[in-house]
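A.B. asks: Structure here, sequence nowhere to be found:
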Ligand SMILES: [Zn+2]
């Protein structure tokens, strides 16, 4: 039952995250006006607002002007539904689950915006870093805040160091995004996310070059890999963190 509820809530959140991905880079409000067609501006009706089902009812097109609704909207909704179901199935309805769900949601938005626009807005990262510290306070009081702050500084500092050494291989958005991840997942979880991101990023980079889709000179945004690393650690952290830090007992 909790998984089913998680799936339904996840699709609704996914629908909202789609709006954030669409509007945040343009500096628009993510709340008002309500969901509307990007071409003719027609407001969506109550039925059409239902995640996935709305898309199917409309056959993926605007009722008024026939403009196609991008397929990534329903895919994002289903994907978030599955992730939410997975987290709630694993942790139950706990503070750890809420922490993981917020982390995953932020990771999804950051990846979506970075893929489309090659930026990760400060509006997404900066305020939520404070939220990460506050989540630490809720779970472990002062010690909780300190461990999150350590994660924030270590993760942000690591990417800052790489950015300086590689002279622009990673940008300010990546630094702040990684600091954000550290504020939610702490020192071990945050750094493990980075390791996973780095490995997957390197593999995907090699594959894209071998297939001739990208050349060595092309820049591939790193943000989406940080997102994938974060999501993997949120769900499988208990197994992966000990692989990266074998000398630490969780
Ligand atoms: Zn329209």
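C.D. replies: On my side now, so go ahead. Keep in mind that this is a model prediction, so the values were computed, not measured. Numbering: from 1, shown residues only.

A.B. asks: Retrieve the pLDDT associated with residue 250.
C.D. replies: The model reports residue 250 with a pLDDT of 61.

A.B. asks: again but with residue 63, I slipped
C.D. replies: For residue 63, pLDDT reads 86.

A.B. asks: quick one: contacts for it?
C.D. replies: When contacts are counted by Cβ atoms under 8 Å, 6 or more residues apart in numbering, residue 63 touches 42, 45, 48. Using the backbone N, CA and C atoms, a C-beta is placed for each residue, glycine as well.

A.B. asks: The second one looks like it's in a strand, true?
C.D. replies: No - with DSSP: H, G, I helix; E, B strand; the rest coil as the criterion, residue 45 is located in coil rather than a strand.

A.B. asks: Chain neighbours aside, what residue packs nearest to it?
C.D. replies: Leaving aside its sequence neighbours, residue 45 sits nearest to residue 63 (Cβ to Cβ, 6 or more residues apart in numbering; 7.9 Å).

A.B. asks: Where does residue 77 sit, in terms of helix or strand?
C.D. replies: helix 72-91 (DSSP states H and E).

A.B. asks: Can you name the residues in contact with the lowest-mean-pLDDT helix or strand in the chain?
C.D. replies: The weakest-scoring helix or strand in the chain, judged by mean pLDDT, DSSP states H and E, is helix 53-57 (a mean of 89). For helix 53-57, contacts defined as Cβ under 8 Å, 6+ apart pick out 44, 47-48, 69, 73-74, 77.

A.B. asks: next structured bit after the helix holding residue 77?
C.D. replies: Next element after helix 72-91 (DSSP H and E): helix 95-117.

A.B. asks: now the angle between helix 95-117 and the helix or strand following that following helix, please.
C.D. replies: Following helix 95-117 in sequence order, the next helix or strand is helix 122-165 (DSSP H and E). Counting by axes from the mean of the first three to the mean of the last three Cα atoms, to 10 degrees, helix 122-165 lies at 70 degrees to helix 95-117.

A.B. asks: Figure out how far helix 122-165 is from the centre of its chain.
C.D. replies: Helix 122-165 has its C-alpha centroid displaced from the chain centroid by 16 Å (Cα atoms, centre = their mean, to the nearest Å).

A.B. asks: With stretch 78-94 instead?
C.D. replies: Averaging C-alpha positions (Cα atoms, centre = their mean) puts stretch 78-94 14 Å from its chain's average.

A.B. asks: Quick test: name the residue nearest the centre of this protein.
C.D. replies: Most central in the chain under Cα atoms, centre = their mean is residue 107, positioned 1.2 Å from the mean C-alpha point.

A.B. asks: mind checking how far that residue is from residue 141?
C.D. replies: From residue 107 across to residue 141, the span is 26 Å (Cβ to Cβ, to the nearest Å).

A.B. asks: try residue 181
C.D. replies: From residue 181 to residue 141 the distance is 22 Å (Cβ to Cβ).

A.B. asks: These two: who's more crowded?
C.D. replies: residue 181 (34 against 10; other Cβ atoms under 10 Å).

A.B. asks: who are the neighbours in contact with that one?
C.D. replies: Counting by Cβ under 8 Å, 6+ apart, the residues that residue 181 touches are 103, 107, 151, 155, 190, 193-194, 226, 229-230.

A.B. asks: any idea which element it lies in?
C.D. replies: Here residue 181 is assigned to helix 172-210, by DSSP H and E.

A.B. asks: mind listing what's buried in that helix?
C.D. replies: 173-197, 200-201, 205 (16 or more other Cβ atoms under 10 Å).
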